[in-house]
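Peer 1: The following block contains a protein sequence and its predicted model.
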Amino acid sequence: MSVDTQAPVPTADRLLIDGGTTTTRVWSVRGTRVLAEMRATVGARDTARDGSPEALHRTVADLLGQASAAAQECVPGWRAQDVVAAGMITSPLGLAEVPHLPAPADLHALAMGARVFSLAHVSSLPMLLLPGIRCGPTVPTVDGIADFDVMRGEEAVCLGLLEGGMLKDTGIALSLGSHWKLVEILDRRITTCSTTMGGELLHVLRTQTVLSASVDNELPAAFGTGDMDMLQRGLRASEVHGLPRAAFMTRLLERVPGSDSRGRLMFLLGVVMAATLQAWEDQLKGRQVLLLGARPICDAWHFALSAAGAEPRTVEPQEVTAAYVGALVRAADIVAEAR
Ligand SMILES: O=C(O)C(=O)C[C@@H](O)[C@H](O)CO
């Protein structure tokens, strides 16, 4: 007789939150089917900058309302039973803090570490907040700080990719959001991660420094040979001269006849990437790496990692979203089953 060990197909109506460093997304779902997605460029970074979580709390309340209205419009009778959230929104810069779980951890451990909150100013529904994961010693020391790291949000995506079979039982994923984070998975559990502020650093250099006059606002949607050439030159400049000097070269390039703002942004991207890649190169050589992020950033990393001897593969953004949604729904179901 065969025993069916498959999890039952989820059917509940829910609101899900991915609360990141710079962006907050809310999905209304039936089971794992997304009915609507709402987003705003407000996140944990705003709480840090303002010294108050007010803007984030207000944004979350608005997004939950909008996602509910959109779901009810497309599925009459849709009614959320709860809100499930992960990411920086479960940090002290978010809605309420849930302590990190120690690595190694799997989806079941994540669900068991979740906490239910009642936050009436944000939603009338119970809110299940999932923890992030910490890697390294329980209490880090100054000397050992390089061996310590944390994540909030990326663990849900990676565990969702594992559940969906996109990630093998053992593997590496590189998440390319506000923070660039390398996540290692061993025997279906997250074991380590290494984080750089690559995304935020690029954003700040591009928008808040003198370089904002030298570069385009957005990366090109698709790269041509000229783009790749400038990316490569930025990578090299950073390796040889270090990030602060190579970043200034972006401005100096304005004096080069024929140089344009698109090429200079590609150069700057290469500068920031090289400074990140240095720390990871040995670990990645010969390894398959799943790239998770916006298409242009993934394309740039695909190029740099291939050149560094790794085997990168880009996961489509809709598959990353499906993995995130799947992990949040599964974790909430595990919590419900355990009650
Ligand atoms: O857990 C925390 O407190 C972090 O600062 C982790 C951060 O890097 C997020 O993972 C970004 O998504």
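Peer 2: Structure received. None of the values given here were measured: they were computed from a predicted structure.

Peer 1: Can you verify my assumption that Arg330 contacts Pro10?
Peer 2: Yes. The pair Arg330 / Pro10 is scored as a contact, 7.4 Å apart, by Cβ atoms under 8 Å. (Each C-beta comes from the backbone N, C-alpha and C, glycine too.)

Peer 1: neighbour-wise, which of these two wins?
Peer 2: Arg330 (21 against 17; other Cβ atoms under 10 Å).

Peer 1: For that one, give me its contacts.
Peer 2: Arg330 sits next to 7, 10, 107, 111, 160, 163 when contact means Cβ atoms under 8 Å, 6 or more residues apart in numbering.

Peer 1: swap in Gly270?
Peer 2: When contacts are counted by Cβ under 8 Å, 6+ apart, Gly270 touches 230-238, 300, 304.

Peer 1: if we go to 10 Å?
Peer 2: Gly270 makes contact with 228, 230-239, 246, 250, 277, 300, 303-304, according to Cβ atoms under 10 Å, 6 or more residues apart in numbering.

Peer 1: about what we covered before: what residues do Arg330 and Pro10 have in common as contacts?
Peer 2: Thr32.

Peer 1: rewinding a little: give me the subset of the contacts of Gly270 that lies in helices.
Peer 2: Using DSSP state H, the members of the contacts of Gly270 that fall in helices are 228, 230-239, 246, 250, 277, 300, 303-304.

Peer 1: which of the residues you listed count as buried?
Peer 2: Buried members of these, counted by 16 or more other Cβ atoms under 10 Å: 230-235, 237-239, 246, 250, 277, 300, 303-304.

Peer 1: near the ligand, which residues of the stretch 51-200 of the chain show up?
Peer 2: The stretch 51-200 of the chain comes close to the ligand at residues 88, 91, 132, 150-154, 177, 179, 195, as judged by Cβ under 6 Å from any ligand atom.

Peer 1: export those residues to JSON lines and tack on pLDDT, neighbour count and secondary structure?
Peer 2: Listed next are these as JSON lines, based on pLDDT from 0 to 100; neighbours: other Cβ atoms under 10 Å; DSSP: H, G, I helix; E, B strand; the rest coil:
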{"residue": "Met88", "pLDDT": "96", "neighbour count": "27", "secondary structure": "helix"}
{"residue": "Ser91", "pLDDT": "96", "neighbour count": "24", "secondary structure": "coil"}
{"residue": "Gly132", "pLDDT": "98", "neighbour count": "24", "secondary structure": "coil"}
{"residue": "Val150", "pLDDT": "98", "neighbour count": "18", "secondary structure": "strand"}
{"residue": "Met151", "pLDDT": "97", "neighbour count": "26", "secondary structure": "strand"}
{"residue": "Arg152", "pLDDT": "97", "neighbour count": "26", "secondary structure": "coil"}
{"residue": "Gly153", "pLDDT": "97", "neighbour count": "26", "secondary structure": "coil"}
{"residue": "Glu154", "pLDDT": "97", "neighbour count": "26", "secondary structure": "helix"}
{"residue": "Gly177", "pLDDT": "94", "neighbour count": "21", "secondary structure": "coil"}
{"residue": "His179", "pLDDT": "96", "neighbour count": "23", "secondary structure": "coil"}
{"residue": "Thr195", "pLDDT": "97", "neighbour count": "17", "secondary structure": "strand"}
